[in-house]
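Visitor: Predicted model, plus sequence, below.
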Amino acid sequence: MLLSQLLKGIKIIINPLPAKVDIANVTDDSRKVMPGALFVAIPGTKVDATQFIGKAIAKGTAAVICEKLPSSLATQPAGQLLRPAKIILVKNARRALAQIAANYYRHPSRKMKIIGVTGTNGKTTVTYLLEAILRQAGYKVGVIGTISSRVGKAVIAEGLTTPPPLELQRILRDMVKQKVQYVVLEASSHALSQYRLGGVDFDVAIFTNLTHEHLDYHHSMQNYLASKQQLFQQLGKSPKKTCAVVNADDQLAHRVTKGFTGKILTYSIDKASDFKAQNVKISAESISFKAREKASQGTVFHSNLSGKYNVYNLLAAAMTALALKIKIRNIQTALQKIKTIPGRMEEVRNRRGFRIFVDFAHTPDGLTQALGAARMKVKTGAKLILLFGCPGDRDRTKRPVMAMIAQRLADCVVITTDDPHSEDPAKIVDEIVAGWEKTGGRAGMSKVNRRQNDCCFKIIDRRTAIKKAIQLARRGDVVLLAGRGHEKYQDFNGKYILLDDRDVVKLILQK
């Protein structure tokens, strides 16, 4: 492809555009540079790829996109600098890469309907619900999200919630080849702030909620909100007929779509909205509610999911489907068929008389909601046992907060590791325990017998901790293993150890 074609839609600092240059492939990884490649040098948070421009040129790259030149090249005469590679300066290399990726793969998002889902919690569940509805309606559906990127049962990729631009556009291109008609995509705040979704033309954008999370990266809730707003700003620039679907009960709902002038549809349980749930009935094992759209009589929905938070997820999926002109009976049927979402209050069944659930809850709000749903499943006189931890290299301020939530809402707590990353697991656990101790509890390797919710254990190794949580359980109890959900590996400073909470439970029960 010609360099001029790849640069379409990108504002460059150097003018005019370089003469006709053929590009063999595009990469932002200097290790993957081949002769004839276009190398995009991203000034990352940990590594500034600008320092590898010289190496890329030495490997035969045809052109380089960058925001600045390394000092070793900037001092060379211009004539020497442009041989053998073309150097193109841009204001924002991340934005440029996203647009280049879309150009390189010939804008696959324009050939399908794209639904983006953003928010702190609920993204994965909403994508699963929408996937079920659209398949029930007879469409071929692709999903890109936290658990996997897939078409039906065929997994295309696993990894980040929202892949980097080149991988994302390649996945979308592959979905076009497979004749996918709808793509449901999780839009994380990191991806939005890093412009990974640039060049994706959305049809619908959904906002679920905004609560305390990722402040290690965004530094403030204002910045976190701004990242979510980017999805709706991008939606407003799409050449398609677009629509925003927003949770009206969230206190920041009116701000997330600020500046978006297109069609906005709202859903809610409490406030007035376009699609409000009424006669909501939530039991330990199911949900039912009636929702009315515009002047309709209203429709009753049933689901095998539980918890108030899932009422919102069901409303978001149903409202979006209605906006896409999906027949109401297909929506009802699909929502009632779903039994569970992987890693979201997913039960690991056993014959011991107590119940064990695995959930991805890793934020203060997520943990609160999961504990509320789990409490409804506890038999009278029995107890709710919680196991949780917090990841390393992430927002440290939520660690004591989650301990306080655990002490308030669980009867017995096992504090352990999540993904330590580069931090010392023991120090992470100590910071969590600090929150427990602030509220009058004590943590140790033995039970504290003052009040029932003073039952707390600090066990660093997660496998051992899971075993302890199960040993504590008696008939009628509920054990909730929170934080990791569907995840299969634990990250110890780049060393990945196989650990799936569900498999660990099964092995312990077998023994």
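Guide: Looks like it arrived, so ask away.
Visitor: pLDDT value on residue 216, please?
Guide: We have a pLDDT of 56 for residue 216.
Visitor: next one: residue 160
Guide: For residue 160, the predicted pLDDT is 71.
Visitor: just residue 447 next, same as before
Guide: pLDDT, residue 447: 39.
Visitor: can you check the one 3 residues further on too?
Guide: What the model reports as pLDDT for residue 450 is 34.
Visitor: how about the strands in the stretch 251-400 of the chain?
Guide: 263-268, 275-282, 287-293, 299-303, 346-347, 355-359, 384-388 (DSSP state E, counting those that start in this stretch).
Visitor: Pull the contacting residues for the nearest residue to residue 276 once chain neighbours are set aside.
Guide: Spatial nearest neighbour of residue 276, excluding adjacent residues (Cβ to Cβ, 6 or more residues apart in numbering): residue 268 at 5.2 Å. (Glycine included, C-beta is placed from N, CA and C.) By Cβ atoms under 8 Å, 6 or more residues apart in numbering, the contact list for residue 268 reads 247, 248, 249, 275, 276, 277, 315.
Visitor: ditto for residue 469
Guide: 385, 386, 387, 414, 479, 481.
Visitor: out of these, which one sits closest to residue 332?
Guide: residue 481 (32.0 Å; Cβ to Cβ).
Visitor: just checking, the closest one touches residue 359?
Guide: Yes. Here residue 481 reaches residue 359: they are 7.2 Å apart, a contact under Cβ atoms under 8 Å.
Visitor: Columns mean pLDDT and distance to residue 114 on top of the strands of the stretch 251-400 of the chain, output as a markdown table?
Guide: Below are the strands of the stretch 251-400 of the chain laid out as a markdown table (pLDDT from 0 to 100; distance: least, Cβ to Cβ, whole Å):
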| stretch | mean pLDDT | distance to residue 114 |
| --- | --- | --- |
| strand 263-268 | 95 | 16 |
| strand 275-282 | 94 | 21 |
| strand 287-293 | 90 | 23 |
| strand 299-303 | 94 | 25 |
| strand 346-347 | 95 | 28 |
| strand 355-359 | 96 | 28 |
| strand 384-388 | 96 | 34 |
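Visitor: what's the spacing between the residue nearest to residue 484 when sequence neighbours are not counted and residue 396?
Guide: The shortest distance from residue 484 to any non-neighbouring residue, by Cβ to Cβ, 6+ apart, is to residue 501 (5.4 Å). With the distance defined as Cβ to Cβ, to the nearest Å, residue 501 ends up 23 Å from residue 396.
Visitor: Just want to know which of these two has more residues nearby.
Guide: In terms of neighbours (other Cβ atoms under 10 Å), residue 501 is the more surrounded of residue 501 and residue 396; the figures are 26 against 15.
Visitor: That one reaches residue 358, doesn't it?
Guide: Yes. Assessed by Cβ under 8 Å, residue 501 is found in contact with residue 358 at 4.8 Å.
Visitor: Which neighbours do those two have in common?
Guide: 481, 484, 485.
Visitor: So which of those are in strands?
Guide: When the shared contacts of residue 501 and residue 358 are checked against strands (DSSP state E), the matches are residue 481.
Visitor: Closest one to residue 178 out of the contacts of residue 268, please.
Guide: residue 315 (30.2 Å).
Visitor: Perfect, that will be all.
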